[in-house]
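Asker: need a structure here:
(chains A and B)
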Amino acid sequence: MKTISQEEAPPLEVRNVTKFYGDFKAVDDVSFTLTAGSICGFLGPNSAGKTTTIRMILEIIKPGSGTITVLGRPSALEVRQRIGYLPEEKGLYKKMKVWSVIAYFAALKGMTGKAARLRAYELLERYGLKDFAAKPTEALSKGMAQKVQMLASIAHDPEFVILDEPFSGLDPVNQQVMEEIIRDMAGRKRTILFSTHVMQHAERLCERILLIAQGKKIFDGTIDEAKRTLPRRVRIETDDDIGPLRELHGVISASPAEAVHGLAGSGGVTHWDLQIGQDTDAQAILQLCFAKGIRLRGFNQSDPTLHEVFMHLVGPAAKEVAFR
Amino acid sequence: MRYVFLVAWREYTENAKTKGFWISLFMLPLIIFLSADVSFLLEKKGTPVRHYILVDQSGQFGPVVESRQERAHEKQVLAALNEYAGKYAASPAGPQDVVPPQSLDAFISKGGEDYFLEQLKPRLKPGAPAFKAPRRPFQPATPPAQIDTNADLASLSRDLKPYLRGEKKIEANGHPVELNAAILIPRNIEKQIVRPRAKTPTANGSGIEYWSANLADSTLHDDIEQAVNEEIRRREYQARGLDAAAIREVGQTYVPFNSLNPKKEAGQEAVGAADVIRQWAPSGFVYLLWVAIFAICQMLLNNIIEEKSNRIIEVLLCSVTPGELMMGKLFGIAAVGLTMVSVWITSLFGVLIWKSTGAPDVAGALLQTLKTSHLLPMFVIYFVLGYLMYAACILALGSVCNTLKEAQNYMALITMSMMVPLLTLAFIPKDPNGTLARVLSWIPLYTPFTMMNRVNADPPMVDLIGTMILLIASTVAALWMAGKIFRIGILRTGQPPKILEMLRWLKG
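Answerer: Take a look at the predicted model:
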């Protein structure tokens, strides 16, 4: 097994990359850099340009313009032995045995035949697939086949791994296994870029997210930074007038809560969402309520979820694409 | 190069594991073996002994028919003995061992089978099995007791019909057996003889009646007819005071007539069976070539489509370049094909060596042809070039199609153009340097098949070398174009591209 490269160069540097398919601009001037040993979530709605970007990084297709540097090299093919890739559409050779598929892909990544074989068995044992090692892959369930493919793409212990929708089609238990595999790799200081549109996975796994929509990068930063793009929120439940709260410094807006809106009937809104500034203390709202005699039946302060951030940032664009 | 090898190795091992490969591997040797042996075996063991009844009311021809049957049997015994001697006699069979068929009379007069075996004994190889004489294919049987053999033919045949139709059985050696044929010779047969000049025979009648439900096998019918008529003619000679023996001798007088080939060396111009085999053997190889190329091209197509439809291709392409992938596939499948072809050729040789007894027979002549002509090396060269040529088309086709169904629509085009060599297969050996042969030779898609067919006919040097150069050049060009299309097509999803679009890829 290779040791981690000591090169100073970041594992991935994408600069001003653009790609057209005919007249359709699939990727529009995207730039970003990954730091070594990080897990980065690559998020975006369907047909945002995620898979195209990934294919360009791997040099399966050439970018229209811009440069991509992988592990310090201008071409991913030069360092292909140090890269792992799990494509979005999963498939295996149907008639090949499970171990030999893993060993074959590992050998194509530069491992010797014997080492690749040993590695295949080791991985299958570690992730509970030992009994299937000698079965043809067509005998596997979809979830198992996907795990096998994942193992095949990381069998050579690459420094930089790109996973395109690794969780799609997996049940919660297998999603857990997949997360475990990813964490194992991160624990060994491998750099991981994975695309998903399931925000919970990104929230659990990534330090950093990269959001693109309609080919453009919309956000690039940590999860906390992403959440800060949305105001914080306090939800209160009361029958009284909340007018005084609107006056409070730091409260940006107060509006009837969407989720329960309409349940109260025409008589009056009872649930309110207050958006508050980043530096506002929710405690101050509570104090004002006491002071103004607003009787609270519920008070709940929460940070926005990544899901909300996603909807906020790409919602309109995603819908537009979906209805196109 | 390592990646090319890895891809090729996987292609080879995975395809060598498939059932289809093993079936095609053994199918051809099996066919060769069966065609060499089974028809013979069937004749020897498969045909049941047939029983016939001979009712000779004239009392004149019974012995003639019987002695004819006996003679036919002795002839078969002699042939079997010769084959036995060829197989099991130690030293190369000398002239004494193999009694020429003309001396059947000598064979019979000297004591037949027993005499022959006595002569052969000292030269037999140790462990040779005992000789088993062939069975008599036709056995005479006695008519059932309740049948009146003296009745007129009409009622006799009516009585025999249930037996001939298989509704009743007759008895032979205490076993009930089926009656295959009945030969009825009428009392007045002498008067029914047809003679030239005399317009009508002196008595009416249908002559000898041969009753049998089996129309396919006319051996017995012909044997008896010939035997009786020979006897009648012999008597006729006597009646006219002619010397029957002298007439037989005259009948056997002839002048030799030889076919000669001006292209052969002086002293060896004689055209024999071996030359005919030499002329037609290439056709067999053309067929082999066709089957082999077709089979592995199909394999290649299936593999590309599998990788494309499963999207394995993406993982592959982040490990190897499209060029490496294509070369790997090309070589891997070529190796599969070469394995198949060498198994076929080895088994062909095996069967031929095993079958040829050293005597001048078909197997020996074929073996000699293979050893002395350029058939085999040319076969390998044309196999490789032909495969690469068609594989280029298949690679380009496979890379732009997403499903096997889609590909098969286009494959029909390739299949149809591949039919031409099969259709012309039989014409070319008849006129190997004619216009059709020459024109087809210069079409690269057909060069391998057509030139293969002409190999033994000394085609003009310009054809041999010119078509080869053209074939190599166009194969290289086809592979180059396939590479261009493969590179782009292999990542495409959705509808297959239009021809014009593919032409643009060639430029790009």
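Asker: Name the residue of the stretch 101-250 of chain A that lies nearest to chain B.
Answerer: residue A:108 (4.0 Å; C-beta to the nearest C-beta). C-betas here are computed from N, CA, C, even on glycine.
Asker: Spit out the contact partners of that residue.
Answerer: Going by C-beta atoms under 8 Å, 6 or more residues apart in numbering or on different chains, residue A:108 touches B:3, B:6, B:7, B:316, B:319, B:320.
Asker: one more time with 7 Å, if that's ok
Answerer: Shown in contact with residue A:108 (C-beta atoms under 7 Å, 6 or more residues apart in numbering or on different chains): B:3, B:6, B:319, B:320.
Asker: is it true that the second one lies in a strand?
Answerer: No - note on residue B:6: no strand contains this position according to DSSP: H, G, I helix; E, B strand; the rest coil, which reports helix.
Asker: Would you list the phi and psi of residue A:10?
Answerer: When read as degrees, to the nearest 10, the backbone of residue A:10 gives phi -70, psi 150.
Asker: again with residue A:166
Answerer: Taking degrees, to the nearest 10 as the convention, residue A:166 sits at phi -70, psi -20.
Asker: Next one: it from residue B:131, what distance?
Answerer: 77 Å (C-beta to C-beta, to the nearest Å).
Asker: So which of these two has more stuff around it?
Answerer: residue A:166 (27 against 17; other C-beta atoms under 10 Å in any protein chain shown).
Asker: residues contacting that one?
Answerer: Residue A:166 neighbours (C-beta under 7 Å, 6+ apart): A:86, A:150, A:178, A:194.
Asker: And the pLDDT for residue 43?
Answerer: No chain specified, so I'll use chain A. You'll see residue A:43 listed with a pLDDT of 89.
Asker: um, chain B though
Answerer: pLDDT recorded at residue B:43 is 59.
Asker: Just the buried residues of whatever helix or strand residue A:116 lives in, please?
Answerer: In this structure, residue A:116 sits in helix A:113-126 according to DSSP states H and E. By neighbour count on 16 or more other C-beta atoms under 10 Å in any protein chain shown, the buried set for helix A:113-126 is A:115, A:116, A:117, A:119, A:120, A:123, A:124.
Asker: Please work out the residue of the stretch 151-300 of chain B nearest to chain A and name it.
Answerer: Counting by C-beta to the nearest C-beta, the stretch 151-300 of chain B gets nearest chain A through residue B:299, at 12.6 Å.
Asker: Just to be sure, that residue is in a helix?
Answerer: Yes - assignment of residue B:299 by three-state DSSP places it within a helix.
Asker: if I pick it, what's in contact with it?
Answerer: So residue B:299 contacts B:15, B:333, B:336 (C-beta under 7 Å, 6+ apart).
Asker: In helices, which of the residues you listed fall?
Answerer: B:15, B:333, B:336 (DSSP state H).
Asker: Surely residue B:78 touches residue B:105?
Answerer: No - assessed by C-beta atoms under 7 Å, residue B:78 is found out of contact with residue B:105, at 10.8 Å.
Asker: Compare those two and say which is more crowded by neighbours.
Answerer: residue B:78 (21 against 10).
Asker: that older thread, show me what the helix holding residue A:116 is packed against.
Answerer: Helix A:113-126 is packed against helix A:98-108, with contacts defined by 3 or more C-beta pairs under 7 Å, 6 or more residues apart in numbering or on different chains; DSSP states H and E.
Asker: Return the distance of the helix it packs on from the chain's centre.
Answerer: For helix A:98-108, the separation from the chain centroid amounts to 27 Å (computed by C-alpha atoms, centre = their mean, to the nearest Å).
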